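Student: 3D, please:
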Amino acid sequence: MNGASSLALILALAAAPGRAALNPEEQNTIAVFKAAAPSVVFVTNIAVRTDGFYMDDFAVPQGSGSGFIWDREGHIVTNYHVVAGGDAFLVTLRDHTELQAALVGAEPRKDIAVLRVKAASDKLKPVEPGDSARLQVGQKTLAIGNPFGLDNTLTTGIVSALGRQVLSVGRVTIRDMIQTDAAINPGNSGGPLLDSDGRLIGMNMMIYSPSGASAGIGFAVPVDTIKRIVPQLIKYGRSVPAGIGVSVLRDEQKLRLLGDIPGVVVREVEPGLPAARAGVSGIRFSRGRLSLGDVIVGVDGQPIKDYDDLYNALDRRQVGDVVEFLFLRDGKRRKARIELVNVF
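Tutor: Here you go, the predicted model:
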């Protein structure tokens, strides 16, 4: 039975004679929760410490959050910040089964991580992915998670805004976040944000709140980003961006070496890849002196001021796309159309 048919069955049961009268909105909320709750898990991040006197190792829980079942192979999706710094992980299913989990891969720049547990496939109910590209402000949202360690908590709201910008733990701006007023509190991180059909539209990531508690402004990583990144993490253990075959200076390196100049400084060019064939030049050292090569200042007409701009300019592009780069070298500007390749 697929997600849509199971949701319809639950709706029919909720409206059955003899039950308390429920309005259609309540029926929908109840049905979505019953259908999706088995897909939501509780994630515990554990640090292993050594007793200096007895020289024994012992486990210390150092944080927790939520997650959701991605497939019947045991992959669990959660936020990177939920598992960051952990030495071991526990995943607790809806029926309170505790399973040890291994970290498969992570992408801090999108705050996404994938764990894997070993369990019978009939104990694993994957969430049904939806489509975040077609979301509209005002649509109903439902968040399920484990705020403050209270498992299987449901909150509801609407899509408050789209395309919000949030700085990730990877120090790169995520520019396509979903804003919702469904209450999200500590412990909700990594849990699913659902639409009224029970489909995944995002992963709850953080709140904006002066007090630290929910203030009605929560943010979720859109499902279209999750659908793109998670298969890469499962296959490679990391995301696989499309690029041209260069390494660049991070902003703090650029500031320390060159001052606050605009653009992204090409550090090295890998031989045989498109950037090298296009004549792109990196930093050179001659007699102890640093000589700049190319500085990327534009991508397809979009100004590039720093690494954040460059990352987001290339983030949605794919291998095979041809992109027009604007370079600055020795005060002169030069354009080059370069094909993107897999730079894993």
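
Student: switch to C-alpha atoms for all contacts and neighbour counts from now on
Tutor: Fine.

Student: so how far is stretch 283-295 from its chain's centroid?
Tutor: 36 Å (CA atoms, centre = their mean, to the nearest Å).

Student: Correction: the previous question concerned stretch 60-79.
Tutor: The answer for stretch 60-79 is 13 Å, by CA atoms, centre = their mean.

Student: now do stretch 300-315
Tutor: Centroid separation for stretch 300-315 versus its chain: 19 Å, with CA atoms, centre = their mean.

Student: Show me what counts as buried in that stretch.
Tutor: Across stretch 300-315, burial judged by 16 or more other CA atoms under 10 Å covers 303-311, 313-314.

Student: again, but for stretch 335-344
Tutor: 336-341.

Student: likewise stretch 233-245?
Tutor: Counting neighbours by 16+ other CA under 10 Å, one finds that the buried residues in stretch 233-245 are 233-234, 237-245.

Student: Same question for stretch 217-234.
Tutor: For stretch 217-234, burial by neighbour count (16+ other CA under 10 Å) applies to 217-226, 229-230, 232-234.

Student: Among those, name the ones in helices.
Tutor: Assigned to helices by DSSP state H, the following of the buried residues of stretch 217-234 qualify: 223-226, 229-230, 232-234.

Student: Helix or strand for Tyr311, just tell me which one.
Tutor: In the assignment (DSSP states H and E), Tyr311 maps to helix 307-315.

Student: can you list the weak-confidence ranges in the stretch 1-150 of the chain?
Tutor: For the stretch 1-150 of the chain, residues meeting the criterion pLDDT under 70 lie at 1-20, 50-59.

Student: how about a cut-off of 50?
Tutor: Counting by pLDDT under 50, the stretch 1-150 of the chain contains no low-confidence residues.

Student: So which residues of the stretch 101-250 of the chain form helices?
Tutor: Here the stretch 101-250 of the chain has its helices, by DSSP state H, counting those that start in this stretch, at 223-236.

Student: now the strands for it?
Tutor: With DSSP state E, counting those that start in this stretch, the ranges of strands along the stretch 101-250 of the chain come out as 112-117, 140-145, 153-167, 173-180, 192-194, 200-207, 218-222, 242-243, 246-248.

Student: For Glu324, find the nearest of these.
Tutor: Counting by CA to CA, Glu324 lies closest to strand 242-243 out of the strands of the stretch 101-250 of the chain; the figure is 12.3 Å.

Student: What mean pLDDT does that closest one get?
Tutor: Mean pLDDT, computed over strand 242-243, is 92.

Student: mind listing what that strand pairs with, with the direction of each?
Tutor: strand 341-342 (antiparallel) (DSSP bridges).

Student: Let me see the mean pLDDT of the partner strand.
Tutor: Here the average pLDDT along strand 341-342 is 90.

Student: outside of it, which residues touch it?
Tutor: Strand 341-342 is contacted by residues 240-245, 274, 318-320 when judged by CA atoms under 8 Å, 6 or more residues apart in numbering.

Student: now, the most widely separated pair of the residues you listed?
Tutor: Across the contacts of strand 341-342, the longest distance by CA to CA is 16.8 Å; it joins Val240 and Pro274.

Student: ok, for Gly237, nearest residue in space, not its chain neighbours?
Tutor: Excluding the flanking residues, the one nearest Gly237 by CA to CA, 6 or more residues apart in numbering is Gly105, at 3.9 Å.

Student: Show me what the one you found bridges to in the sheet.
Tutor: Taking DSSP bridges, one obtains Val114 as the residues bridged to Gly105.

Student: before we move on, back to that, out of the ones in helices among the buried residues of stretch 217-234, which comes closest to Arg116?
Tutor: Closest approach between these and Arg116, by CA to CA: Ile234, at 9.3 Å.
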